[in-house]
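**Student:** what's the 3D shape of this:
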Amino acid sequence: MGTQKKPHSVRPMDAQAIADSFTHHLTYSLGKDEYSSTLYDRYSCLALTTRDRLIERWIQTQQTYYNVKAKRVYYLSLEFLMGRSLGNSLVNLGLYEEASHALKELGYRLEDLREREWDAGLGNGGLGRLAACFMDSMATLELPATGYGIRYDYGIFFQSIRNGYQVETPDNWLRFGNIWEFPRAEFTYIVNFYGKSEGYQDSTGILRKRWTDTEEIVAVAYDTPVPGYDNNTVNNLRLWSAKASREFDLNYFNDGDYIKAIAAKAVSENITKVLYPNDNMFEGKELRLKQEYFFVSATIQDIIRRFKKTHSDFDDFPSQVAIQLNDTHPAIAVAELMRQLVDIEMIDWDKAWNLTTATFGYTNHTVLPEALERWPVSLISRVLPRHMELIFEINHRFLQRVAELFPGDHEMARELSIIEEGSEKKVRMANLAIIGSHSVNGVAALHSDILKKKVFSGFYRLSPEKFNNKTNGITQRRWLRLCNPELSALIDRFIGPEWTTDLYQLKKLEPLADDPAFRAEWRSVKLQKKKALAEYIRSRNNIEVDPESIFDIQVKRIHEYKRQLLNVLHVITLYNRITDNPDVPCVSRTVIFAGKAAPGYYMAKLIIKLINSVAETVNSDPRTRDKLRVVFLRNYAVSNAEKIIPAADLSEQISTAGTEASGTGNMKFALNGALIIGTMDGANIEIREEVGAENFFLFGLDADEVSRLKSCGYDPQLYYNKNRELYRVINQIQQGFFSRDQSDLFRPIADSLLYGGDAYLLLADYDSYIAAQEKVSKIWKNTDEWTRMSILNTARMGKFSTDRTISDYAREIWNITSVHIGGSFKTR
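**Tutor:** Here you go, the predicted model:
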């Protein structure tokens, strides 16, 4: 996996030592031998062997942070989509090749063992995967950081496809335990719910509040080590699990009600039972609110405990603590920190508020209004009564300031108020996060601009200094070195391995784009990855695909704004053209979809069924056999993304302009040499700027044009009636061409486009999209030109590393510096 010096270690790092450790764990940790062990047992032994070499660094890292009294950043996220840990840990420790050699000597293949690890799917998609990439970069940059989240018993659901429909089953990822985590029984905190807030006078006669008659839940910490690359830093990801405050309620036992006692315990522990799907439909769901507060309260208590170990004066709090809120889900942390400071630490309001705002930063991840959390006042008042009081007080004081700066501007006050008026009053969590933070950032230049001009324009007028942009990135350790070792080896051979920690080094590939020999090697690696994916598709879907065809790939969460449906319209257009003129030569194309729809999202699930029905029609038609194939890969996750992304020729990033905050799939594909067909949306804009407009297939309306078209009264039927191909495609969907047994099955999809307003402007962008796809086919025929563009896409991706993103956060928001982890480690 590339030339890399081994970080110092007490435990030897050579292949023989790894083999010895492996056999030791097989006998003494698992109680097995080579004859009785299963493949999962062997994975477990290698994981334990790797973990041993993390632990010593982990302990030294945490001790060093205490010794130097480092300022730390705490990253709060309701989701961490970590995927599998084994391969990433081996890469970052510099052990991948040694482990592979050790296993080979023992008669095993590292790749087989890696496949036995269950994905840690504690996230729905981009938000959780970004958090995981951030953790990797923070450790690689030697930044004192801890991630905090929830240890869900069940992660994102397992998706199977039956008769073309998505079927969800629980993701019991902890079925066999989790080798990478360490339960920390000593770090438990009481988290309170319900009850009431009551006033009292303290010993000095000051009127204060306390929260009483509460229901108690215990938060138990589970820690996972997160190693940096090529250094000794191992940071901590701490996830909270809910336990009943007592095993059983003895009152129920005294009444002879054993079943009720068990049920009460189970209800308490439901809080961390399951990850909510990302359907934006949890608003008002009490369990979701309790999840958010549960992990926030435990985290704030833990942060304060750690701070008080070395500091007695809360004046030092912002100089020692930075807390980043990953979207609105942890926004209740603003009220919780105020409660801890005012009610528990007895700090006066103004000082507590200054400490709070100096501590928090808020990252927004969406421009979709429905994704900005709003909780009923009645619900928060019942579940978190003291916090509702605090939110009212925060809002009252804030609106006083607004009135002073904008006298008589009642509309401004309504817009900025934390409390949304209406038939049911609601708490706008994004407003609470903005008001309670010193920094508010978007995650791509366009997204940040939309936040300032539209979504939070009033806040920007009030406090422009708070707003900034931090364009997202990805970690090249997982998304190139680990998932594409063949391409990594090729790059290493020509420019060296330094790109692994400095992605801008890939710029050195640019001159090689004009080298015929290098282009040939580049194509050879791509074909190798495509053959591997073709075999994966054959084994999973029983569909034969041609590795020499264009692999046209769209893999992401299924949502109308991401416009998988527009991709389907193009597939049907291609199908019609081929079947109308089967003797006309055309570029062979394999269109690959993957992604999950939220279980309650009817339209997204119907689109999955349409994709599979179109695939069945296309793949069974002999006229398209060598020209067009359509595949839907079930249960998209980090582990199969690592197989899919390196094999892509064309990456579909086709969301309606102005709807995608950033997107990071676009970066992963481009880093692996795929060309993008996309709109001027999210990070597409910045990627196009970096790779060059000539190396990007642009189509569609931009965000301003979208706004103008909608404001003028968009009529999708105008586009439908004037384009004969589009007219035919929509009618085929509407009239049952792809659903012969139920002719009206897909009518809701057609109706949403023709009569439901076509909210995401598929019909308006159709012409431009088809033209861009024709350009794709034309350039594909010129193998050297396509390869040259592919190389340049990879070479110019330096900006899009999370190392750059995190460096910007550290310098401009958190004000933290790296801490080098040395120590008394012995070399091998």
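**Student:** hey, which helix or strand in this protein has the poorest pLDDT?
**Tutor:** Lowest on mean pLDDT, DSSP states H and E among the helices and strands of the chain sits helix 250-254, with a mean of 54.
**Student:** on contacts alone, who are the packing partners of the longest helix seen in the chain?
**Tutor:** Scanning the chain for the helix with the most residues, using DSSP state H, yields helix 39-67. Using 3 or more C-beta pairs under 8 Å, 6 or more residues apart in numbering; DSSP states H and E, the elements in contact with helix 39-67 are helix 15-28, helix 86-93, helix 96-106, helix 110-114, strand 215-227, strand 234-244. Bear in mind the C-beta positions are built from the backbone N, C-alpha and C, glycine included.
**Student:** Looking at these, which is nearest to residue 529?
**Tutor:** helix 110-114 (13.9 Å; C-beta to C-beta).
**Student:** Run through who's touching the next helix or strand after the closest one.
**Tutor:** Next along the chain after helix 110-114, taking DSSP states H and E as the criterion, comes strand 120-122. Strand 120-122 is touched from outside by 79-85, 128, 149-152, 155-156, 171, 173, 178, 239, 275, 637-638, with contacts defined as C-beta atoms under 8 Å, 6 or more residues apart in numbering.
**Student:** before we move on, the earlier item: check the model's average confidence along the longest helix of the chain for me.
**Tutor:** Averaged over helix 39-67, pLDDT sits at 96.
**Student:** and if you look at stretch 485-498?
**Tutor:** Per-residue scores along stretch 485-498 average to 98.
**Student:** next one: stretch 687-696
**Tutor:** The pLDDT scores in stretch 687-696 average 98.
**Student:** Quick one: residues in contact with it.
**Tutor:** 666-667, 670, 675-676, 678, 680, 684, 698, 789, 792-793, 796-800.
**Student:** Inside helices: which ones of those?
**Tutor:** 666, 667, 670, 684, 789, 792, 793.
**Student:** just those residues now: which is nearest residue 317?
**Tutor:** residue 667 (35.3 Å).
**Student:** Please name the nearest non-neighbouring residue to the closest one.
**Tutor:** Nearest residue to residue 667, sequence neighbours excluded (C-beta to C-beta, 6 or more residues apart in numbering): residue 800, at 4.3 Å.
**Student:** picking up where we left off before, show me the contacts of strand 120-122 that map onto helices.
**Tutor:** Among the contacts of strand 120-122, DSSP H puts 128, 638 in helices.
**Student:** Restricted to strands, list the contacts of strand 120-122.
**Tutor:** 80, 81, 82, 83, 149, 150, 239 (DSSP state E).
**Student:** Now for the fifth one: which residues touch it?
**Tutor:** Pointing back at residue 149 there. Counting by C-beta under 8 Å, 6+ apart, residue 149 touches 76, 77, 78, 79, 80, 122, 131, 237, 238, 239, 240, 295.
**Student:** circling back: would you mind putting the ones in helices among the contacts of stretch 687-696 into JSON lines with pLDDT, neighbour count and distance to residue 94 alongside?
**Tutor:** Output for those, formatted as JSON lines (pLDDT from 0 to 100; neighbours: other C-beta atoms under 10 Å; distance: C-beta to C-beta, whole Å):
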{"residue": "666", "pLDDT": "96", "neighbour count": "28", "distance to residue 94": "30"}
{"residue": "667", "pLDDT": "97", "neighbour count": "29", "distance to residue 94": "25"}
{"residue": "670", "pLDDT": "98", "neighbour count": "30", "distance to residue 94": "27"}
{"residue": "684", "pLDDT": "97", "neighbour count": "27", "distance to residue 94": "35"}
{"residue": "789", "pLDDT": "98", "neighbour count": "20", "distance to residue 94": "33"}
{"residue": "792", "pLDDT": "98", "neighbour count": "23", "distance to residue 94": "30"}
{"residue": "793", "pLDDT": "98", "neighbour count": "25", "distance to residue 94": "28"}
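**Student:** Same list, the residues you listed, but as JSON lines with distance to residue 519 please.
**Tutor:** Formatted as JSON lines, the ones in helices among the contacts of stretch 687-696 follow (distance: C-beta to C-beta, whole Å):
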{"residue": "666", "distance to residue 519": "23"}
{"residue": "667", "distance to residue 519": "23"}
{"residue": "670", "distance to residue 519": "17"}
{"residue": "684", "distance to residue 519": "26"}
{"residue": "789", "distance to residue 519": "11"}
{"residue": "792", "distance to residue 519": "11"}
{"residue": "793", "distance to residue 519": "13"}
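**Student:** just those now: which is nearest residue 408?
**Tutor:** The closest of the ones in helices among the contacts of stretch 687-696, once distances to residue 408 are taken by C-beta to C-beta, is residue 684, at 42.1 Å.
**Student:** So that closest one versus residue 788, what's the distance?
**Tutor:** 21 Å (C-beta to C-beta, to the nearest Å).
**Student:** In CSV: the contacts of residue 149, plus pLDDT.
**Tutor:** CSV is the format used below for the contacts of residue 149 (pLDDT from 0 to 100):
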residue, pLDDT
76, 98
77, 98
78, 96
79, 96
80, 96
122, 93
131, 97
237, 98
238, 98
239, 98
240, 98
295, 98
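**Student:** Among those, pick out the one closest to residue 535, please.
**Tutor:** Looking across the contacts of residue 149 and measuring by C-beta to C-beta, the closest to residue 535 is residue 122, at 29.4 Å.
**Student:** circling back: which of the ones in strands among the contacts of strand 120-122 sits closest to residue 215?
**Tutor:** residue 150 (18.6 Å).
**Student:** wait, what's in contact with that closest one?
**Tutor:** With C-beta under 8 Å, 6+ apart, residue 150 has these contacts: 78, 122, 239, 240, 241, 272, 275, 291, 294, 295.
**Student:** in which helix or strand would I find the closest residue to it other than its chain neighbours?
**Tutor:** Nearest residue to residue 150 in three dimensions, chain neighbours excluded: residue 295, at 4.9 Å (C-beta to C-beta, 6+ apart). Following DSSP H and E, the helix or strand that holds residue 295 is helix 286-310.
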